[in-house]
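[1] starting from these lines, generate the structure:
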Amino acid sequence: MDQIGTPDYQFEGFCLDTTQQTLVNPAGETINLPSRAFATLRYLVERSGETVEKSVLMDEIWPRTIVAENNLNQCILKLRKVLGESAGERRFILTVPGRGFKFVARVRVLPRDQHWPGREATTPAPQESANALEDSAPQHANDVESPAGKWKRWRWPLWVAGTVLAVSAVIWSRVVIRQPVTSPAEYQALTDVADSATAPVLSPDGRTLAFIRNGSWMLGTGQIWLKALPDGDYVRLTNASGLLFAPAFTPDGTRIAYTVVDKRLESWDTWTVPVTGGEPTELLPNASGLTYLGPHEVMFSEFKTGVHLGIVTATDDRANHRNIYWPAHERGMAHFSYLSPDRRSVLIVEMDGTGSFQQCRLVPFSGKSSGFAVGPLGSCRAAAWSTDGAWMFFSAYIGGHSHLWRQRFPRGEPQQITFGPTEEETVFATPDGHSLLTSIGTRQDVLWLHDAAGARALTTEDNASSPWLSTDARRIYFLSANNSVAGVKLTRLDIETGSRAIALPEFNVTEYDIDPEEQQVVFTTLRDGVSQIWLTPLDRHAPPKLLVRGGDQAKFGGGKVLFRSLGGQANFLHRIDVDGNNEAQILSYPILNLQSVSPDGRFVSIDRASAGGHAGAWLISLQDHTQHLIGTGWFPSRWSRDGKLLYIEIGLAEHPTTPGRTIAVHVDAGGVPTEPIMPAATDARIISQPESALSVGQDPSVYAYVKSEVRRNIYRIPLH
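    Numbers count the residues shown, from 1 in each chain. Here you go, the predicted model:
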């Protein structure tokens, strides 16, 4: 079990004494828990706010060779009883379906010399006046003070002490801390490109900057460029035909390693290229996000089966191969890893079982533990270490915005260190320890409409995504993120008048679907760390109704709701009635994603892993379970409203440097395409937008889509 010393903890009046291994309730009564029950509670308390996988508890506290899983469940039930929880009120231990448990009460760490009811002070108490001692003593020598009386007696001094500490902290923060961690006035621009520059890395001597230009920080179509600091020319270094990310200098600074993913997303390989230019050479197949730990020692991500991606270390010829971390879920993908200066810990950027980036993770380099979540509660995209290992830095996407954070190693409070209307993407700590490099800029995701009059923009102030165009092309629903409203909201826009309204003001929505009659919306939201599916009428004549805990990607089909059920190690396709009854699994094998459902509910388009490749897109009949392969790789798809066409995104598979093309394919009564999926370049069926950002009305020539404009440059941010 991870040891961080022996502090004590307090939560909602309970005190956890880690020295005596006892629990004291708000009445001051001492509760002696069995050793494993106490260890379980302490493990959860120390990771308050984090989802602790059941498998982790089994490994850390309840060895599988000693106790069955059922005993762990019984232990949780007993702890809930001791804490006074009821079945309808989970104030302390929340069950995360298919995963494990989360301690949700606010936890305060108590100093070791804190004297609280149920434990004698470990150091002499501060000297008090005679009157104060008399006032706090029993009135008669033979009086016995009750546990409740002890607690009441100590409540006032504890409150005073807490108030003094709080005021002192405010004074300290205002007087001792004379300036913030970062100051925008001191940011130094290292590039001034007109398009975008992201994913910066610095050579070991600090003289050369490498970055990705005119692309994304991950799985983008950009290329690696170099610039000699401070005022050198821009030099293009790569001409990769696939998707490129994760540039990293070799220890001697003579080459740059980077990941290239082929157009089918089947091969994820590491290549290197000389910084002086020349032909690239393949370093390692099935290796992505590679960084150097020594002249020939590397750490990287590698696929095991399907899309299960873990962190390993080896030499650059793959000798001395050793596992460091593998996500518990077969859909989990650990994409990036960063070794601490003392070579004992690793920060990991990973996707969870839904395929979404989650909090960063801190694990031991030894690989002996799965570690725990660190950083802010959001989507962590990159991480770095201070040169002394005292601080961890994160680039995190939270509430529709991306900024930089820091956290003292290992369990400090995350602190946001950059703010404002611009966004910071990725983070790199300079070798001298004095600054961070990041990509600063703006991204504008604008909602457009294409009809007989041409194309026109419908929004300007939002970052829009996931459009849904009504059948009569008079209304558009979309997800909106802007600075005036916290979170991501489902918004309705009247095309003719331009009026708009938030359809679900009380919910932050991650994804949604609207039934063909435009009467109901089914949507996914994240609450208490659990993905939940809700359903509500669009006219709000009835309140929203919770359908599923532990599910997402919900879609209407045949009058029912189909969704991806999130399991602890795999996800499955489920179906449920709109009234919340008759939930059932409808495919026997795991799926990666539910892409779409035909209007009559007879067919689905899914992604699933295969033994011979990482992923493939399939059309499945839910009547006889016949299968038709659309293609290996990434092919997002969606049925037309009448079910006669299937819109399939082909840009990435057709030509990886020009993504963003969708083709309309006729399907027969058996759900099988009757036309070639890969068309000629001049095929009239092609829509020059990606399906994932597209919504087509009744007429294929009328559609809504999202177009993105990105402007970013690399900046040096001094640290104070």
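
[2] doesn't C75 lie inside a helix?
    Yes: counting by DSSP: H, G, I helix; E, B strand; the rest coil, C75 falls inside a helix.

[3] contacts only, for it.
    R36, A37, T40, W62 (C-beta atoms under 8 Å, 6 or more residues apart in numbering). (C-beta placed from N, C-alpha, C; glycine too.)

[4] of those residues, which is the most crowded?
    Ranked by neighbour count (other C-beta atoms under 10 Å), the contacts of C75 have T40 at the top, with 24 neighbours.

[5] mind checking the SS state of that residue?
    Per three-state DSSP, T40 ends up helix.

[6] can you give me phi and psi for H335?
    The phi and psi torsions at H335 (degrees, to the nearest 10) take the values phi -90, psi -40.

[7] please determine how far it is located from I311.
    9 Å (C-beta to C-beta, to the nearest Å).

[8] and if you look at D342?
    Taking C-beta to C-beta, one finds D342 at 18 Å from I311.

[9] ok, L57 next?
    The value you get for L57 to I311, if C-beta to C-beta is used, is 22 Å.

[10] what sits against the spatially most central residue of the chain?
    Taking C-alpha atoms, centre = their mean as the criterion, Q358 is the residue nearest the geometric centre of the chain, at 2.0 Å. Neighbouring residues of Q358 by C-beta under 8 Å, 6+ apart: E350, M351, D352, A373, S379, C380.

[11] and the furthest pair within those residues?
    M351 and A373 (13.4 Å; C-beta to C-beta).

[12] name the helix or strand for K78, please.
    Using DSSP states H and E, the element containing K78 is helix 69-82.

[13] can you list the buried residues in that helix?
    Buried residues in helix 69-82, counted by 16 or more other C-beta atoms under 10 Å: L72, C75, I76, L79, R80, V82.

[14] so the fourth one makes contact with T40?
    Yes: with contact defined as C-beta atoms under 8 Å, L79 reaches T40; the gap is 6.9 Å.

[15] tell me how far stretch 587-607 lies from the chain's centre.
    Here the centre of mass of C-alpha atoms in stretch 587-607, compared against the chain's by C-alpha atoms, centre = their mean, to the nearest Å, lies 24 Å away.

[16] how about the CA coordinates for it, as PDB?
    C-alpha atoms of stretch 587-607 as PDB (Å, rounded to 0.1, in the frame of the first residue of the first chain):
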ATOM      1  CA  LEU A 587     -24.500  -8.200 -28.400                       C
ATOM      2  CA  SER A 588     -22.400 -10.900 -26.700                       C
ATOM      3  CA  TYR A 589     -19.000  -9.400 -27.500                       C
ATOM      4  CA  PRO A 590     -17.500  -6.100 -26.300                       C
ATOM      5  CA  ILE A 591     -17.600  -2.900 -28.400                       C
ATOM      6  CA  LEU A 592     -15.300   0.100 -28.600                       C
ATOM      7  CA  ASN A 593     -17.900   2.700 -29.700                       C
ATOM      8  CA  LEU A 594     -21.500   2.800 -30.700                       C
ATOM      9  CA  GLN A 595     -21.400   5.100 -33.800                       C
ATOM     10  CA  SER A 596     -25.100   5.100 -34.900                       C
ATOM     11  CA  VAL A 597     -28.400   3.300 -35.000                       C
ATOM     12  CA  SER A 598     -30.800   3.000 -37.900                       C
ATOM     13  CA  PRO A 599     -34.100   4.800 -37.500                       C
ATOM     14  CA  ASP A 600     -36.000   1.500 -37.200                       C
ATOM     15  CA  GLY A 601     -33.500   0.100 -34.600                       C
ATOM     16  CA  ARG A 602     -32.700  -2.900 -36.800                       C
ATOM     17  CA  PHE A 603     -29.100  -2.100 -37.500                       C
ATOM     18  CA  VAL A 604     -26.100  -0.500 -35.600                       C
ATOM     19  CA  SER A 605     -22.800   0.800 -36.700                       C
ATOM     20  CA  ILE A 606     -20.100   0.000 -34.100                       C
ATOM     21  CA  ASP A 607     -16.300   0.000 -33.700                       C
END
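
[17] and it, what's its mean pLDDT?
    Stretch 587-607 carries an average pLDDT of 96.

[18] one step back: more crowded one of L57 and I311?
    Neighbour count, other C-beta under 10 Å: between L57 and I311, I311 has more, with 26 against 20.

[19] re the thing from before, look at the residue nearest to the centre of the chain and report its pLDDT.
    94.

[20] pLDDT below threshold where in this protein?
    The chain contains residues with pLDDT under 70 at 1-6, 63-70, 86-89, 98, 111-180, 483-486, 611-613, 652-659, 681-682.

[21] count of residues packed around N581?
    So N581, with other C-beta under 10 Å, has 8 neighbours.

[22] let's verify it: helix, strand, or coil?
    N581 - assigned by three-state DSSP - is coil.

[23] backbone phi and psi for it, please?
    Main-chain torsions, N581, degrees, to the nearest 10: phi -100, psi 170.

[24] so how far is F336 from it?
    With C-beta to C-beta as the criterion, N581 and F336 are 43 Å apart.

[25] next one: E709
    Where F336 is concerned, E709 sits at a distance of 26 Å (C-beta to C-beta).

[26] repeat that for G557.
    Going from G557 to F336 by C-beta to C-beta gives 37 Å.

[27] thought P184 was touching G420?
    Yes: contact criterion C-beta under 8 Å: P184 and G420 qualify, at 6.7 Å.

[28] buried stuff in stretch 347-367?
    Buried residues in stretch 347-367, counted by 16+ other C-beta under 10 Å: 347-355, 357-365, 367.

[29] what ranges do the helices span in the chain?
    Using DSSP state H, the helices of the chain run over 35-46, 54-60, 69-82, 130-136, 147-175, 651-654.

[30] what does the first one contact?
    Meaning helix 35-46. 1-2, 4, 9, 11, 16, 18, 21-23, 33, 52, 57, 60-62, 67, 72, 75-76, 78-79, 93, 101-103, 107, 411.

[31] ok, of those residues, which come out buried?
    9, 11, 16, 18, 21-23, 33, 52, 57, 60-62, 72, 75-76, 79, 93, 101-103, 107.

[32] contact partners for the residue lying closest to G487 once chain neighbours are set aside?
    Closest residue to G487 in three dimensions, ignoring its sequence neighbours and counting by C-beta to C-beta, 6 or more residues apart in numbering: N508, at 3.7 Å. Neighbouring residues of N508 by C-beta under 8 Å, 6+ apart: G399, G487, V488, K489, T525, L526.

[33] which ChimeraX command selects the buried ones in those residues?
    Only the buried entries of the contacts of N508 go into this ChimeraX selection, using 16+ other C-beta under 10 Å:
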select :488,489,525,526
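
[34] export the contacts of N508 as TSV, with columns for distance to A570.
    Shown next, in TSV, are those (distance: C-beta to C-beta, whole Å):
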residue	distance to A570
G399	30
G487	30
V488	27
K489	32
T525	23
L526	20
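
[35] tell me the bridge partners for T259.
    F245, T270 (DSSP bridges).

[36] against R540, how distant is it?
    47 Å.

[37] between the two, who's got more neighbours?
    Comparing T259 with R540 by other C-beta under 10 Å, the one with more neighbours is T259, at 25 against 10.

[38] that one against D269, yeah?
    Yes: using C-beta under 8 Å, T259 is in contact with D269, at 7.1 Å.

[39] overlap of the contact sets of those two?
    By C-beta under 8 Å, 6+ apart, the residues touching both T259 and D269 are A287, S288.

[40] the nearest residue to T460 once chain neighbours are set aside and R108, how far apart?
    Ranked by C-beta to C-beta, 6+ apart and with sequence neighbours excluded, the top spatial neighbour of T460 is V446, at 6.8 Å. According to C-beta to C-beta, V446 and R108 sit 46 Å apart.

[41] cool, L694 as well?
    Applying C-beta to C-beta, the value for L694 to R108 is 49 Å.

[42] which of those two has more neighbours?
    Shown here are L694 and R108; by other C-beta under 10 Å, L694 has more neighbours (22 against 12).
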